[in-house]
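A.B. asks: generate coordinates for the sequence data below:
(one chain, ligands or ions: 1)
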Amino acid sequence: MVLFPTTIDDLFEQTQRYSNAQFMAGGTDLLVSLRHAPQHERTIIGLERVDELHRIEEQPDNGVSIGAAVTFSSITGNRLLKARYPLLTQAAATVGGPAIRTMASIGGNIVTASPAADSLPALYLLDARLELRSATGNRTVAIDEFILGPRRTMLQPGEIISRIILPPAVAWNLQLFEKVGRRKSLAIAVASLAAMLRLADDGTALEARFAWGSVGPTVLRCPAAEAVLTGQPLQEAVLHEAAALVREAVSPIDDIRASADYRRSVAGNLLLRLVN
Ligand SMILES: Cc1cc2nc3c(=O)[nH]c(=O)nc-3n(C[C@H](O)[C@H](O)[C@H](O)COP(=O)(O)OP(=O)(O)OC[C@H]3O[C@@H](n4cnc5c(N)ncnc54)[C@H](O)[C@@H]3O)c2cc1C
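C.D. replies: Numbers count the residues shown, from 1 in each chain. Next up is the predicted model:
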């Protein structure tokens, strides 16, 4: 049985009535996993008709709130997000192909918590906070606390992500997302890099933040690489130095898409794209 509530109140009425129900936004991950699951009667609560979960709204502090059911195509097409958070819109534009992006939601990407999820490195750097709601209350958590490991989160039964809240990010005047896959489109990341830098007029990096996807159990930060860049001009020599530190810090695995050695090497090389 698939239910389609149209308001948050309706939705939580259904979660109380069907305590084993599963949520579905775009279904691009859920339907694939159900194909391999034992076949039995199940209840699915669709999020797609709950208007509140589809809003992108400016916040009083100049941050932005994104409803969890907002699709990646809505993110790439949103002017406010493009202007303020180009890191996120660049990452969103690399998810699957156009057909997947019209269905796949940012909330679903977060809950799946794949090490290769393209929105996660950007959301970590942007200090995203997640609003979680259930029939019994609300709470807000930082994204890096929410993700517990590969495909593991702190979400409780009956609880949804309702919004992703981004604080203002105007100071970060260079934002870049880079992804290497096995082919140009419809490719899961072999390695990805989200980078945010605050650059002075003369090109000196006043502050740097980096996060990698697909090179560890979840998003990986490398404070040592950020420190090497801080106070230095953004040039190839210093990026090579930072890349060496990254290759030591990552813990990739071999899988059907790439070897651990290749991933380690790509993780460092992606930094050089900041000047190329
Ligand atoms: C062909 C193909 C290519 C893909 N390429 C990429 C890619 O390049 N990069 C990438 O990152 N991903 C990719 N994906 C994975 C997928 O599209 C994303 O993870 C997507 O964002 C999941 O969102 P969804 O709305 O489809 O989630 P769903 O499939 O509806 O849900 C996924 C999980 O999240 C739960 N859920 C969904 N929304 C909520 C919510 N608001 N609150 C609580 N629980 C919720 C569901 O119960 C389910 O467990 C690809 C998938 C396919 C099929």
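A.B. asks: got the residues of the stretch 1-150 of the chain near the ligand?
C.D. replies: 22-30, 32, 47, 68, 95-96, 100, 103-105, 107-109, 111-112, 117-118 (Cβ under 6 Å from any ligand atom). From N, CA and C alone the C-beta is placed, and that goes for glycine too.
A.B. asks: mark which of those residues are buried, thanks.
C.D. replies: Listed as buried from these are 23-30, 47, 68, 95-96, 100, 103-105, 107-109, 111-112, 117-118; burial here means 16 or more other Cβ atoms under 10 Å.
A.B. asks: so which of these belong to strands?
C.D. replies: 23-24 (DSSP state E).
A.B. asks: list the contacts of residue 251.
C.D. replies: Residue 251 makes contacts with 215-217, 220, as judged by Cβ atoms under 8 Å, 6 or more residues apart in numbering.
A.B. asks: of those residues - the most surrounded one?
C.D. replies: When neighbours are counted by other Cβ atoms under 10 Å, residue 215 leads those with 29 neighbours.
A.B. asks: assign it to helix, strand or coil.
C.D. replies: coil (DSSP: H, G, I helix; E, B strand; the rest coil).
A.B. asks: so it touches residue 250, yeah?
C.D. replies: Yes - in terms of Cβ atoms under 8 Å, residue 215 counts as a neighbour of residue 250; the distance is 4.1 Å.
A.B. asks: of all the residues in the stretch 151-276 of the chain, which ones are close to the ligand?
C.D. replies: So the stretch 151-276 of the chain meets the ligand at 155, 160-161, 186, 188 (Cβ under 6 Å from any ligand atom).
A.B. asks: so what's the residue of the stretch 101-250 of the chain found nearest the ligand up against?
C.D. replies: Ranking the residues of the stretch 101-250 of the chain by distance to the ligand (Cβ to the nearest ligand atom) places residue 108 first, at 2.1 Å. Contacts of residue 108 were listed using Cβ under 8 Å, 6+ apart, and they are 25-26, 28-30, 68.
A.B. asks: make TSV out of those and add pLDDT and distance to residue 85.
C.D. replies: Output for the contacts of residue 108, formatted as TSV (pLDDT from 0 to 100; distance: Cβ to Cβ, whole Å):
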residue	pLDDT	distance to residue 85
25	98	20
26	97	21
28	96	22
29	95	23
30	94	26
68	98	16
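A.B. asks: taking those one by one, which sit in helices?
C.D. replies: The helices, defined by DSSP state H, take in residue 30 from the contacts of residue 108.
A.B. asks: list residues touching both of residue 215 and residue 250?
C.D. replies: 263-264, 267.
A.B. asks: show me where this protein dips below the pLDDT cut-off.
C.D. replies: Applying pLDDT under 70 to the chain flags residues 183-186.
A.B. asks: can you give me the helices for it?
C.D. replies: Under DSSP H, the chain gives helices at 8-17, 30-35, 72-76, 79-84, 86-92, 98-103, 106-112, 119-125, 143-146, 223-229, 236-249, 260-269.
A.B. asks: other residues contacting the shortest one?
C.D. replies: The contact list for helix 143-146, computed with Cβ under 8 Å, 6+ apart, reads 110, 120, 123-124, 127-130, 132, 153-155, 164, 219.
A.B. asks: count of neighbours near residue 169?
C.D. replies: What residue 169 shows, counting by other Cβ under 10 Å, is a neighbour count of 20.
A.B. asks: contacting residues around it?
C.D. replies: 84-85, 87, 126, 175, 196.
A.B. asks: mind running it again at 10 Å?
C.D. replies: 62-64, 84-88, 125-127, 175, 196 (Cβ atoms under 10 Å, 6 or more residues apart in numbering).
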